[in-house]
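S.K.: What follows is a protein structure lacking sequence information:
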């Protein structure tokens, strides 16, 4: 009886909710949560998930006040990374089940359904689904007698389950099973937008993510991730914004926040128009982003992020004695295996000198052409002649506490390399993918092992900077079974470049099965960290990694 009353109340609240967006509106309002989940090993799996379900309500209550139509939570957002899962039965969308109204629904599912109805918004959550099986029915059935799937579930404004997706491209994930086939999942909303859906590692593959956009013409996606960021090309914001830009789609991306493992990076990405909102948070804390998202074909009036002030070394280094690198130290990322790349060290022009520099780098048949114009500068010359940065000398610094800082004490500026790779790369021993990359990467020193990492002491006014006045990168890629996207970073906080600073274009290649891609920097940038074309070659997936 109590459950029936609760369901009725939720339905009434849904009716009272003023819908923020309709089919006639040109925009809808989306929210993503970069979510941290506290670890408490004293809790049972059920106690843990119910505590985390309750924590989501605070964000939904805030989102309701901002007329949010759809809210997305990250992969692992109900379980956490270090806690045992709580597998549960999840009805298929075609069953038209509203768990809030069904007494024997799994308790977490029931509460989530009631919350979606209470706050009148579409709710996307990630959980673990249990599907019973027997060896007699399926030889692949685990000894526990059920399959366990990494699953995204979507509830509509009334709490009904309208979509369910099982992650296909697992990133290791012991205990989880690969579904028997790839699922191409979409769902329709009452504000006239059809969304596609996939989870984390899926975004780097042709199926289902790229095919949903290319073959089914889906223009808007919800995406849950627990992404372990990698330098220099695959931080969460780099990869996710690059994917949305390449396919010119809206991507509503929520990431798990666990900085000590490099996990963070949520955003609302507006295709070729750039980033509407993002967070790359080195602190273990939750952040909700809310933005009005133009529907496909509608103009975007928002300025693409980040704002240039965020990338300006005069703001990041010259305005304070505090080194901005200190704020991102809790974020521990991994590094790509750059030893497989062909690289060439770029020149460092003297202060006041401008140099035109061209280079061709070839790796396994991929020919990357770099045409650059570089100027040497200092923070002094970036400011007015009468201005001083920190007085007459560098700011005082504490004694080095680790090897990175010890190296930084003698640091006089970034080095850069042009890099090319065409082959199969390893992903932490759990998968291999075909990759073709042409790019510029920053390095602490002349050694390749130093590339991609952050560095302290850039707030020293004696540091020599390289201003990239212009950059033009070109290469030919196969037309079939590939996807190329832009990967950029600038500044000490791993910010991407705003989309209006570069052009990414395609043209005919030397043969019919080739296409030429070009990436052009349109305005000068100082403190560039990554500027690259990152390409996927899907028909090389699963092969032995290059060099193994």
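M.R.: Cool, got the structure. Not measured: the values here are computed from a predicted model. Numbers count the residues shown, from 1 in each chain.
S.K.: Low-confidence regions, the stretch 351-500 of the chain specifically.
M.R.: Applying pLDDT under 70 to the stretch 351-500 of the chain picks out residues 383-410.
S.K.: Assign a three-state SS to residue 417, would you?
M.R.: strand (DSSP: H, G, I helix; E, B strand; the rest coil).
S.K.: Show the contacting residues for the nearest residue in space to it that is not next to it in sequence.
M.R.: Leaving aside its sequence neighbours, residue 417 sits nearest to residue 343 (CB to CB, 6 or more residues apart in numbering; 4.4 Å). Every C-beta, even on glycine, is put in place using the N, C-alpha and C of the backbone. Applying CB atoms under 8 Å, 6 or more residues apart in numbering, we find residue 343 in contact with 361, 417, 418, 419, 420, 448, 451.
S.K.: As CSV, those with distance to residue 435 and neighbour count would be great.
M.R.: CSV is the format used below for those (distance: CB to CB, whole Å; neighbours: other CB atoms under 10 Å):
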residue, distance to residue 435, neighbour count
361, 15, 21
417, 17, 23
418, 17, 27
419, 12, 26
420, 11, 25
448, 17, 16
451, 16, 26
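S.K.: which of those lies closest to residue 373?
M.R.: Of all the contacts of residue 343, residue 373 sits closest to residue 418, with 13.9 Å by CB to CB.
S.K.: Mind listing the residues bridging to that closest one?
M.R.: residue 344, residue 440 (DSSP bridges).
S.K.: Check whether it really touches residue 370, as I assumed.
M.R.: Yes - between residue 418 and residue 370 there is a contact under CB atoms under 8 Å: 4.7 Å.
S.K.: what's the overlap in contacts for those two?
M.R.: 359, 361, 440.
S.K.: Just give me the closest of those to residue 302.
M.R.: Closest to residue 302, out of all of those and judged by CB to CB, is residue 440, at 28.2 Å.
S.K.: any idea how far that closest one lies from residue 313?
M.R.: Separation of residue 440 from residue 313 (CB to CB, to the nearest Å) stands at 17 Å.
S.K.: Likewise for residue 483?
M.R.: For residue 483, the distance to residue 313 (CB to CB) stands at 33 Å.
S.K.: Settle it for me: which of these two has more neighbours?
M.R.: More crowded of residue 483 and residue 313, by other CB atoms under 10 Å: residue 313, with 24 against 21.
S.K.: where does the more buried one fall, phi/psi-wise?
M.R.: Phi and psi for residue 313, reported as degrees, to the nearest 10, are phi -60, psi -30.
S.K.: That one and residue 379 touch, don't they?
M.R.: Yes - between residue 313 and residue 379 there is a contact at 6.3 Å, judged by CB under 8 Å.
S.K.: Can you work out which residues contact both of these two?
M.R.: Common neighbours of residue 313 and residue 379 (CB under 8 Å, 6+ apart) are residue 465.
S.K.: Helices of the stretch 51-200 of the chain, start to end?
M.R.: Applying DSSP state H, counting those that start in this stretch to the stretch 51-200 of the chain gives helices spanning 107-119.
S.K.: Poorly predicted segments of it, please.
M.R.: For the stretch 51-200 of the chain, no range has pLDDT under 70.
S.K.: can you give me the strands in the stretch 351-500 of the chain?
M.R.: For the stretch 351-500 of the chain, the strands defined by DSSP state E, counting those that start in this stretch cover 354-363, 366-377, 415-427, 431-443, 465-478, 482-490.
S.K.: so what's the residue nearest the centre of the chain up against?
M.R.: The residue lying closest to the centre of the chain (CA atoms, centre = their mean) is residue 236, at 2.8 Å. Residues near residue 236 by CB under 8 Å, 6+ apart: 225, 227, 229, 253, 255, 263, 264, 265, 266, 280.
S.K.: now residue 170
M.R.: For residue 170, the contact set (CB under 8 Å, 6+ apart) comprises 150, 176, 178, 201, 430.
S.K.: Next: residue 419.
M.R.: By CB under 8 Å, 6+ apart, the residues touching residue 419 are 338, 341-343, 361, 368, 437-441, 451, 532.
S.K.: same deal with residue 135?
M.R.: residue 141.
S.K.: Quick check: it vs residue 178, distance?
M.R.: Applying CB to CB, the value for residue 135 to residue 178 is 18 Å.
S.K.: Repeat that for residue 65.
M.R.: The gap separating residue 65 from residue 178 is 40 Å, by CB to CB.
S.K.: next one: residue 424
M.R.: Separation of residue 424 from residue 178 (CB to CB): 20 Å.
S.K.: now residue 127
M.R.: As judged by CB to CB, residue 127 and residue 178 stand 17 Å apart.
S.K.: can you check residue 508 too?
M.R.: 38 Å.
S.K.: residue contacts, residue 256?
M.R.: Counting by CB under 8 Å, 6+ apart, residue 256 has contacts 34-37, 74-77, 81, 225-227, 263-264.
S.K.: Then residue 227?
M.R.: Contacts for residue 227 (CB under 8 Å, 6+ apart) come out as 200, 236, 239, 240, 255, 256, 263, 265.
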